[in-house]
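**Q** Give me a model of this one.
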Amino acid sequence: MSAMRGAAAYGRGASAYAKVGVESGVMSASPHQLIVMLFDGALAAIRTARIHLQDGNTSEKGKAISKALDIVNNGLAAALDTEQGGEIAAQLGSLYDYVARLLLSANLHNDTERLNQAEKLLNDIASAWRDIGDHGARG
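**A** Numbering: from 1, shown residues only. Reported below is the predicted structural model:
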């Protein structure tokens, strides 16, 4: 019984450590790094959704797609500054809206191809975003 309690305590400790690590990463991240983290989270959620879709686990697929949608709508799209970003921000907003529609359709129709399209679009934008950060860091 004490071994079970020890394992449970270890699990709680590891979980708390991971949470603190994530929170610390967010707290110390630049605005640019936060956007990269949002892209990474959305892409990971889409990959998870694909795995659950292929396994026939529609409930978990739906949760993963909901997470990706939340990141796209309430993270990436919400972070756009249309006043300072102008036309680029407006175009990104339209692209995020399209990605959200792809994700909704993929969820509704269990469509791997639409998941792939959403992932490719987000990956392309994320790559460009990372390149901007790399150039800015180099001076």
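
**Q** For Asn107, give its distance to Leu80.
**A** From Asn107 over to Leu80 the distance is 24 Å, taken as Cβ to Cβ, to the nearest Å. Heads up, the C-betas are built off the backbone N, CA and C, glycines and all.

**Q** That should have said Gln91, apologies.
**A** 10 Å.

**Q** Check Thr48 too.
**A** In terms of Cβ to Cβ, Thr48 sits 25 Å off from Leu80.

**Q** And for Asn110?
**A** Taken as Cβ to Cβ, the span from Asn110 to Leu80 is 30 Å.

**Q** just Asp131 next, same as before
**A** From Asp131 to Leu80 the distance is 19 Å (Cβ to Cβ).

**Q** Neighbour count: these two, which is higher?
**A** Higher neighbour count among Asp131 and Leu80: Leu80, with 16 against 10, using other Cβ atoms under 10 Å.

**Q** In contact with the closest residue to that one other than its chain neighbours, which residues?
**A** Excluding its sequence neighbours, the residue lying closest to Leu80 (Cβ to Cβ, 6 or more residues apart in numbering) is Ala89, at 4.5 Å. Contacts of Ala89 were listed using Cβ atoms under 8 Å, 6 or more residues apart in numbering, and they are 80-82.
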